[in-house]
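Peer 1: Got a predicted model here, sequence first, then my questions.
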Amino acid sequence: MGTKFALVKYVLLAVALFCLAGCTSINNAATTGIAYLYVAAQANTTISAYTVTQSTGALTINGNAVGTGSVPSAIAIAPSGNALFVANSGSNSISSYTINADATLTPASATTATGTTPTGLAIDSGGKFLFVANQGSSNISVFSINGSGLTAVPGSPFTTIPVGYSFSNGTLPSAVAVSNSGNFLYVANQLANFVSAFAINTTSGALTPLPVPFYQDGQTSPTGLAVTPNGAFLYVANAGANSNNISAWAICDNVVNSCANPNTPDGTLSPVTGSPFSAALGPVAIAFDPGFNFAYVVDKQSSTISQYSYGPGNGVLTPLSPATISTGLNPVSIAILPGVVRADVGNTLDNTTDYVYVANIGAGTISIFSLTTSSGLLNVVGQPIVIFGQTSAVSGKF
């Protein structure tokens, strides 16, 4: 009997010693895995899938490139992760794809018609509707989503020209963003120099202008916009030569600190103290780290990224030092992927590094940066990845 207990004691000791030597590293290794990046190129009208090694940010081509329509300009991935959509601004259409189990793409048998020159895409957090900014026709197409299938909602497209106003050359809507609740849509109108605001019928997808139908703060050429991960703030990239800055707005939505009546969030916008905030030349797109309070702005004309921290409670942007980092020629799109699996995003112990991918349309490349989550600073990772040409959009899935 004593021999049996002694044997068990030594086996347990051996297991304990093994865990001291190896179990910690096994658990750490389990926090990283594979993510995916999708890249559109206008020169050969394709979209390509890449696997992303989360521990290093390295890209590996995944399958063959798949055709798009003419001039692919934006990508949106369904929250379910099973469908992807591309706006084709040259053929006035949306290309739809099923994302397979291995993250490769299978195209739908036909494209879906939009308004003229679709340039921006957004999907609500529930994955019910796809919103399309049609720059040439000054309206928003809305489609219900069923897998990779799209059906125009009743009343679509919806004009971006406010009632009682006239714009002889249109408003040129260039980008769209949905509030985290899925109740409100915001549109950057590049020529009219304002942001439109709509209520979304969450059953039908129909758009209704809010009582305050647009917001204008004296800035020019609002080109890109994005909502913070916590849903509290909307940032707008103003690319006009006399602007080159970022407007920041607090959203009266589920985050109630900016609502006159917290019980009735109505989608109204209130300017953030200190807005607008300086950027480099020609800001066109904005992205946020998924787990930490950092924002990154793509500056097309200066071929840089402006990097900031932001106040999750007040929305104030604070430039990091250095304030910018160089990209390839004429960057236009940005995606940020975590360096860990979804369950560990934002964990200060495990999630120490994320990765940033930038499409440089002038260089036909993808620039890769590491993002140190303790400081927010970007650092170049290796040489840019050469794509076929005119790399126009990136989007990530993890």
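Peer 2: Arrived safely, thanks for sending.

Peer 1: For this protein, just list every one of the helices.
Peer 2: For the chain, helices defined by DSSP state H occupy the ranges 2-29.

Peer 1: what residue is smack in the middle of it?
Peer 2: Ala287 (5.6 Å; CA atoms, centre = their mean).

Peer 1: How about that residue, nearest residue that isn't a chain neighbour?
Peer 2: Closest residue in space to Ala287, ignoring its immediate chain neighbours: Ile334 at 4.5 Å, by CB to CB, 6 or more residues apart in numbering. C-beta: built from backbone N, CA, C; applies to glycine.

Peer 1: can you pull the contacts of that neighbour?
Peer 2: By CB atoms under 8 Å, 6 or more residues apart in numbering, the contact set of Ile334 is 285-287, 296, 298, 305, 356-359, 394.

Peer 1: try 7 Å this time
Peer 2: When contacts are counted by CB atoms under 7 Å, 6 or more residues apart in numbering, Ile334 touches 285, 287, 296, 298, 356, 358, 394.

Peer 1: Of these, which belong to strands?
Peer 2: 285, 287, 296, 298, 356, 358, 394 (DSSP state E).

Peer 1: now those residues: which count as buried?
Peer 2: 285, 287, 296, 298, 356, 358, 394 (16 or more other CB atoms under 10 Å).

Peer 1: bridging residues for the second one?
Peer 2: Read that as Ala287. Under DSSP bridges, the beta-bridge partners of Ala287 are Tyr296.

Peer 1: and if you look at the last one?
Peer 2: Beta-bridge partners recorded for Val394 (DSSP bridges): Val39.

Peer 1: Could you do the fifth one as well?
Peer 2: Beta-bridge partners of Val356, counted by DSSP bridges, are Ile336, Phe369.

Peer 1: okay, the nearest residue to Asn245 once chain neighbours are set aside: pLDDT?
Peer 2: Leaving aside its sequence neighbours, Asn245 sits nearest to Pro276 (CB to CB, 6+ apart; 4.0 Å). For Pro276, the model assigns a pLDDT of 98.

Peer 1: got it, and Thr264?
Peer 2: 87.

Peer 1: if I pick it, what's in contact with it?
Peer 2: So Thr264 contacts nothing (CB under 7 Å, 6+ apart).

Peer 1: remind me which residues of the stretch 51-200 of the chain are low pLDDT?
Peer 2: Low-confidence segments of the stretch 51-200 of the chain, defined by pLDDT under 70: none present.

Peer 1: ok, how many other residues are close to the closest residue in space to Asn189 that isn't next to it in sequence?
Peer 2: Distances taken as CB to CB, 6+ apart put Thr171 closest to Asn189, at 3.9 Å, once the chain neighbours are dropped. Neighbour count of Thr171, defined by other CB atoms under 10 Å: 24.

Peer 1: so Thr171 makes contact with Ala188?
Peer 2: No: counting by CB atoms under 7 Å, Thr171 stays clear of Ala188, with 9.6 Å between them.

Peer 1: Tell me what Pro331 is bridged to.
Peer 2: Asn360.

Peer 1: ok so, going back, could you measure the residue nearest to Asn189 against Pro211, distance?
Peer 2: Here the criterion is CB to CB, to the nearest Å. By it, Thr171 lies 19 Å from Pro211.

Peer 1: Check Gly127 too.
Peer 2: 28 Å.

Peer 1: With Pro283 instead?
Peer 2: 29 Å.

Peer 1: Give me the more crowded residue out of these two.
Peer 2: Using other CB under 10 Å as the criterion, Pro283 and Pro211 rank with Pro283 on top: 31 against 10.

Peer 1: burial of the residue lying closest to that one once chain neighbours are set aside, as a residue count?
Peer 2: Spatial nearest neighbour of Pro283, excluding adjacent residues (CB to CB, 6+ apart): Ala237 at 3.9 Å. Number of residues near Ala237 (other CB under 10 Å) recorded here: 31.

Peer 1: Same question for Val187.
Peer 2: There are 28 residues near Val187, going by other CB under 10 Å.

Peer 1: show me the residues around it that make contact.
Peer 2: 133, 140, 160, 173, 176, 195-196.

Peer 1: repeat for Tyr296
Peer 2: By CB under 7 Å, 6+ apart, the neighbours of Tyr296 are 287, 305, 307, 334, 356.

Peer 1: same thing but at 8 Å, please
Peer 2: By CB under 8 Å, 6+ apart, the neighbours of Tyr296 are 286-289, 305-308, 334, 336, 356, 378.

Peer 1: hmm, back to that, was I right to think the residue nearest to Asn245 contacts Trp249?
Peer 2: No: Pro276 lies out of contact with Trp249 (CB atoms under 8 Å); the separation is 10.3 Å.

Peer 1: higher neighbour count, those two?
Peer 2: For Pro276 versus Trp249, the count of surrounding residues by other CB under 10 Å is larger for Trp249: 25 against 21.

Peer 1: Excluding residues flanking it in the chain, which one is nearest the more buried one?
Peer 2: Nearest to Trp249 is Leu269, by CB to CB, 6+ apart, at 4.0 Å.

Peer 1: ditto for Pro79
Peer 2: Distance criterion CB to CB, 6+ apart; nearest residue to Pro79, sequence neighbours excluded, is Gly127 at 4.3 Å.

Peer 1: What I need now is the ones in strands among the contacts of Ile334 written out in CSV, including distance to Thr104 for each item.
Peer 2: Compiled in CSV, these are given as follows (distance: CB to CB, whole Å):
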residue, distance to Thr104
Ala285, 26
Ala287, 24
Tyr296, 28
Val298, 27
Val356, 24
Val358, 23
Val394, 17
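
Peer 1: coming back round to it: in the contacts of Val187, find the pair that's most separated.
Peer 2: Ile140 and Val195 (12.9 Å; CB to CB).

Peer 1: Show me which of the contacts of Ile334 is closest to Ile145.
Peer 2: Using CB to CB, the contacts of Ile334 come closest to Ile145 at Val394, 21.1 Å.
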